[in-house]
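Trainee: Predicted model and sequence below, questions to follow.
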Amino acid sequence: MHNWLAGTAQEGFSFPMLIRIALLFLIVGSSFSAGAAARNVILVTLDGARTQEIFRGLDVPTWQEQNKDQKAEETDLHRKFWASTPEARRERLLPFFWGTLMKNHGAIVGDRFNGSVMKLSNRHRFSYPGYSEILTGRANDREIDSNSKIYNPRTTVLEWLKGELRLGPNQVAAFACWDVMDYIVMKEPGAIASNAGFEEYASADPAVAALSRLQFATPTPWNSVRHDVYTFRFAMDHLKTHRPRVLYLSLGETDDWAHDKRYDRVIEALHRSDGYFRELWEWLQSQDDYRDQTTVLFATDHGRGDDPLNWQHHNDKLDGAAFVWLAAAGKGVTKRGNLTPTAEYSQDQISGTLLHALGIDASRYSPEAGKPVELFFK
Ligand SMILES: [Zn+2]
């Protein structure tokens with residue numbers, strides 16, 4: 001049988017053979033890029049989660065400042081989360097993130113205590129400007145200078161992807177604790193599925209439908225932010241039901257407990273989030289349409305004050321609030337663990353990194369957006 005790729009000795013490098021060779025390169029090239037790119041991408045953010053806790057775990061002086069009449073060593077918090085090295089402490093705080101995800105499936109940048117720095121490029125250092133920088137790939141200091149409920153002045157990467165990938169109404173979805181997020185995630189109202197703040201969530205699952213009712217019966221201390229557990233449960237239900245290819249999960253308690261000076265609750269919220277990461281990851285890996293085809297990014301919108309007297313705040317006067325971090329895990333992510341070559345990254349690179357994971361040239365979304373953090377993928 002004639003092998004169409006082999007040709008014959010008599011042909012030499014004839015025109016038909018060159019075409020065959022070109023075809024071969026095309027086939028090999030395209031299957032390589034298809035093999036490296038993710039089918040699905042999930043972005044998870046923890047509001048105002050500092051580099052201190054992410055890379056070094058429980059910070060006792062910060063806790064002590066709020067609890068002067070107690071001995072840290074005698075508390076459950078200390079027993080549960082203290083260890084003598086930063087590496088051991090962060091793994092006690094985020095056991096799945098550090099012990100499994102970063103060990104076996106992914107990598108993180110932004111450990112500024114070891115020379116890897118990621119900073120905001122927006123100057124405001126609060127939430128809307130940070131989320132907008134993440135979702136549009138650049139700061140917008142002039143148009144976004146408050147947390148007001150205005151739709152994003154720029155088309156976000158989420159709504160751009162809906163058009164680019166020709167996805168249906170529920171295929172790009174955002175679930176958030178903070179009610180302003182309905183406005184941040186899109187320019188065109190209703191462009192993507194969004195459920196944020198105290199908002200009803202319709203589910204065919206009676207248990208999830210009950211949770212939707214309970215969110216109104218168990219108000220948080222904050223009028224505009226519901227507890228993470230509801231947001232996470234609704235996002236998981238949407239994932240199972242609608243199988244989105246682009247999902248954004250935005251958790252908020254790490255910031256709100258901090259503003260309330262409840263460092264213990266911040267630590268507990270981080271630890272609970274780690275449980276959510278585990279549940280999300282294990283579910284993705286149990287599903288044919290997500291297993292080994294999904295890249296998950298983890299990020300934060302801003303840092304916070306650096307010391308025990310100002311850690312609860314974040315604003316343009318606090319240098320520590322400019323420091324953030326970015327982790328990636330799953331499909332296409334070849335590096336492992338805490339990447340600490342001396343380097344500086346910017347929050348405006350997150351949208352590009354998300355597109356890069358999907359095999360999409362990030363400059364097609366926005367030539368002005370930050371470049372992908374390619375280090376994750378090589
Ligand atoms: Zn925030």
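Mentor: Noted; the coordinates are in hand.
Trainee: correct me, but residue 310 touches residue 318?
Mentor: Yes - using C-beta atoms under 8 Å, residue 310 is in contact with residue 318, at 6.1 Å. Glycine gets a C-beta too; all of them are placed from N, C-alpha and C.
Trainee: Spit out the residues that contact those two alike.
Mentor: Where contact means C-beta atoms under 8 Å, 6 or more residues apart in numbering, the residues bridging residue 310 and residue 318 through contact with each are residue 304.
Trainee: ok, those two, which is more surrounded?
Mentor: Neighbours around residue 310 and residue 318, counted as other C-beta atoms under 10 Å, are more numerous at residue 318. The numbers are 18 against 15.
Trainee: where's that one relative to residue 86, distance?
Mentor: Counting by C-beta to C-beta, to the nearest Å, the gap from residue 318 to residue 86 is 22 Å.
Trainee: again with residue 37
Mentor: The gap separating residue 37 from residue 86 is 35 Å, by C-beta to C-beta.
Trainee: What parts of this protein come near the ion?
Mentor: Proximity of the chain to the ion is assessed by C-beta under 5 Å from the ion, with 47-48, 127, 255, 301 identified as the residues in range.
Trainee: do that again at 6 Å, thanks
Mentor: Residues of the chain found near the ion (C-beta under 6 Å from the ion) are 47-48, 127, 255, 301-302.
Trainee: Which residue does the stretch 151-300 of the chain have closest to the ion?
Mentor: Residue nearest to the ion within the stretch 151-300 of the chain: residue 255 (4.7 Å; C-beta to the ion).
Trainee: if I read this right, residue 216 contacts residue 198, doesn't it?
Mentor: Yes - with the criterion set as C-beta under 8 Å, residue 216 and residue 198 qualify as a contacting pair; they are 6.3 Å apart.
Trainee: More neighbours: these two, which one.
Mentor: Comparing residue 216 with residue 198 by neighbour count (other C-beta under 10 Å), the higher total belongs to residue 198, at 15 against 12.
Trainee: so what's the more buried one up against?
Mentor: 179, 215-216, 219, 226.
Trainee: Residue 296 now?
Mentor: The contact partners of residue 296, by C-beta under 8 Å, 6+ apart, come to 41-44, 106, 280-281, 284, 328-330.
Trainee: so it, which of the three states?
Mentor: Three states are possible here, and by DSSP: H, G, I helix; E, B strand; the rest coil the one that applies to residue 296 is strand.
Trainee: Could you do residue 355 as well?
Mentor: When the structure is split into helix, strand and coil by three-state DSSP, residue 355 lands in helix.
Trainee: Looking at the stretch 1-150 of the chain, which residue is nearest the ion?
Mentor: Nearest to the ion in the stretch 1-150 of the chain, going by C-beta to the ion, is residue 127, at a distance of 3.2 Å.
Trainee: how near is that residue to residue 300?
Mentor: Here the criterion is C-beta to C-beta. By it, residue 127 lies 10 Å from residue 300.
Trainee: Now do the shared contacts for the two.
Mentor: 47-48.
Trainee: and the two? which has more neighbours close in?
Mentor: Under the criterion of other C-beta under 10 Å, the comparison of residue 127 against residue 300 puts residue 300 first, with 28 against 22.
Trainee: Please name the nearest non-neighbouring residue to the more buried one.
Mentor: Closest residue to residue 300 in three dimensions, ignoring its sequence neighbours and counting by C-beta to C-beta, 6 or more residues apart in numbering: residue 49, at 4.5 Å.
Trainee: need the contact list for the one you found.
Mentor: Residue 49 is in contact with 254-255, 270, 300, counting by C-beta under 8 Å, 6+ apart.
Trainee: Ok, residue 62 next?
Mentor: In this structure, residue 62 makes contact with 52, 263, 307-308, 311, judged by C-beta under 8 Å, 6+ apart.
Trainee: are any of the contacts of residue 198 buried, and which?
Mentor: Judged by neighbour count, with 16 or more other C-beta atoms under 10 Å as the criterion, the buried members of those are 179, 215, 226.
Trainee: Please identify which of those residues is nearest to residue 143.
Mentor: If you rank the buried ones among the contacts of residue 198 by distance to residue 143 using C-beta to C-beta, residue 179 comes first, at 20.0 Å.
Trainee: Can you name the residues that contact the closest one?
Mentor: With the criterion set at C-beta under 8 Å, 6+ apart, residue 179 makes contact with 149, 196-199, 224-225.
Trainee: Next one: the closest residue to it other than its chain neighbours from residue 138, what distance?
Mentor: Nearest residue to residue 179, sequence neighbours excluded (C-beta to C-beta, 6+ apart): residue 197, at 2.5 Å. In this structure, residue 197 and residue 138 are 26 Å apart, going by C-beta to C-beta.
Trainee: Check the offset of stretch 295-312 from the chain's centre.
Mentor: Its chain's average C-alpha position is 13 Å from that of stretch 295-312, according to C-alpha atoms, centre = their mean, to the nearest Å.
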